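Participant: sequence and predicted structure, then a few things I'm wondering about:
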Amino acid sequence: MRARTAFGVARLGLTATGLVALVGYFQYTLGVSTFAIANFFSYFTVQSAIVSILVFMSAAVVALRRPTDPAWLDMLRAMVTTYILVSGVVYGIIVWQSSSANYSIEVPWSSQFLHFVIPAFALIDWIVDPYKACLSWKYLGWAIVFPVFWLVFTLIRGPVVGWYPYFFLDARQVSGPGETVLYCLIIVMIITGIAALLTGITRLKRMPRHLLPPWRNSA
């Protein structure tokens, strides 16, 4: 139980760090001339960070009160971990491309924490946690639902407000709609790949089966 308590405390720290980083990122964007509250909350990074804070807080409470995680909670943990990892990968690619294109993107401490530090610790928590449930491969279908809805919403909202959270979603900033679709497909593939990796980790033979999900017979 000491180890379980340590996981709970660590997740409380991860929750607090995420909240501080999100507030810091909001304060940083206030100084941007194009800042708009609706646009700020339209970023995939921001939305996934908000949800991850709630999920990590729930996971911390459960870890402090119960010896194992219920399957539904680990599904949510896997989802938000996937989303924040994808945010970090995509943002890292954007920053890397900007340096190769002879222009720079400012990366404040809050952005570094949201895109790199917190995802890294969330991944470590997922890998070393021996108390998580064995997830079914059916989880992959659920993991992609939110990102697809976000993409559809963003592509519809973009032309209406004249703003996109990421340049590659704006066909005017790339070679055309075809390249935008290609970027979207790549993102979906990255999400599916990371979600599959996280699911596969729970199914390793060395992982203890403390609590199998209700769909165990169909897994």
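Facilitator: Now that the structure is in, tell me what you want to look at. Numbering: from 1, shown residues only.
Participant: my guess is residue 22 meets residue 50, correct?
Facilitator: Yes: using C-beta atoms under 8 Å, residue 22 is in contact with residue 50, at 7.0 Å. Using the backbone N, CA and C atoms, a C-beta is placed for each residue, glycine as well.
Participant: more neighbours, the two?
Facilitator: The neighbour count for residue 22 versus residue 50, taken as other C-beta atoms under 10 Å, is higher for residue 22 (20 against 15).
Participant: show me the contacts for that one.
Facilitator: In this structure, residue 22 makes contact with 46, 49-50, 53, 110, 114, judged by C-beta atoms under 8 Å, 6 or more residues apart in numbering.
Participant: show me where the chain has its strands.
Facilitator: In the chain, no segments count as strands under DSSP state E.
Participant: low-confidence stretches in it?
Facilitator: Low-confidence segments of the chain (pLDDT under 70): 1, 98-104, 205-219.
Participant: top of the contacts of residue 22 by neighbour count?
Facilitator: Taking other C-beta under 10 Å as the neighbour criterion, residue 114 ranks highest of those with 27 neighbours.
Participant: do I have it right that residue 60 meets residue 12?
Facilitator: Yes: if you go by C-beta under 8 Å, residue 60 and residue 12 touch, sitting 4.5 Å apart.
Participant: those two: which is more packed in?
Facilitator: residue 60 (20 against 17).
Participant: that older thread, which of the contacts of residue 22 sits closest to residue 165?
Facilitator: Nearest to residue 165 out of the contacts of residue 22 is residue 46 (C-beta to C-beta; 8.8 Å).
Participant: ok, the closest one to residue 177 distance?
Facilitator: Distance from residue 46 to residue 177, counting by C-beta to C-beta, to the nearest Å: 26 Å.
Participant: try residue 111
Facilitator: Distance of residue 111 to residue 177, given as C-beta to C-beta: 29 Å.
Participant: what about the two, which has more around it?
Facilitator: residue 111 (19 against 11).
Participant: which residues touch that one?
Facilitator: When contacts are counted by C-beta under 8 Å, 6+ apart, residue 111 touches 25, 28, 91.
Participant: how far away is it from residue 30?
Facilitator: For residue 111, the distance to residue 30 - C-beta to C-beta - is 14 Å.
Participant: check which residues of stretch 86-93 are buried.
Facilitator: 86-91 (16 or more other C-beta atoms under 10 Å).
Participant: same check on stretch 23-31?
Facilitator: Those would be 24-25, 29, for stretch 23-31 by 16+ other C-beta under 10 Å.
Participant: and for residue 47, the neighbour number?
Facilitator: By other C-beta under 10 Å, the residues close to residue 47 number 16.
Participant: one more: residue 45?
Facilitator: The tally of other residues near residue 45 (other C-beta under 10 Å) stands at 21.
Participant: residues contacting it?
Facilitator: Contacts of residue 45 (C-beta under 8 Å, 6+ apart): 84, 87, 91, 114-115.
Participant: ok, residue 95 touching residue 107?
Facilitator: Yes: counting by C-beta under 8 Å, residue 107 is a contact partner of residue 95 at 6.3 Å.
Participant: for residue 93, give its distance to residue 134.
Facilitator: Per C-beta to C-beta, residue 93 is found 32 Å from residue 134.
Participant: and what of residue 145?
Facilitator: Taken as C-beta to C-beta, the span from residue 145 to residue 134 is 21 Å.
Participant: comparing those two, which residue is more hemmed in?
Facilitator: Each of residue 145 and residue 134 has its neighbours counted (other C-beta under 10 Å); residue 134 has more, 19 against 10.
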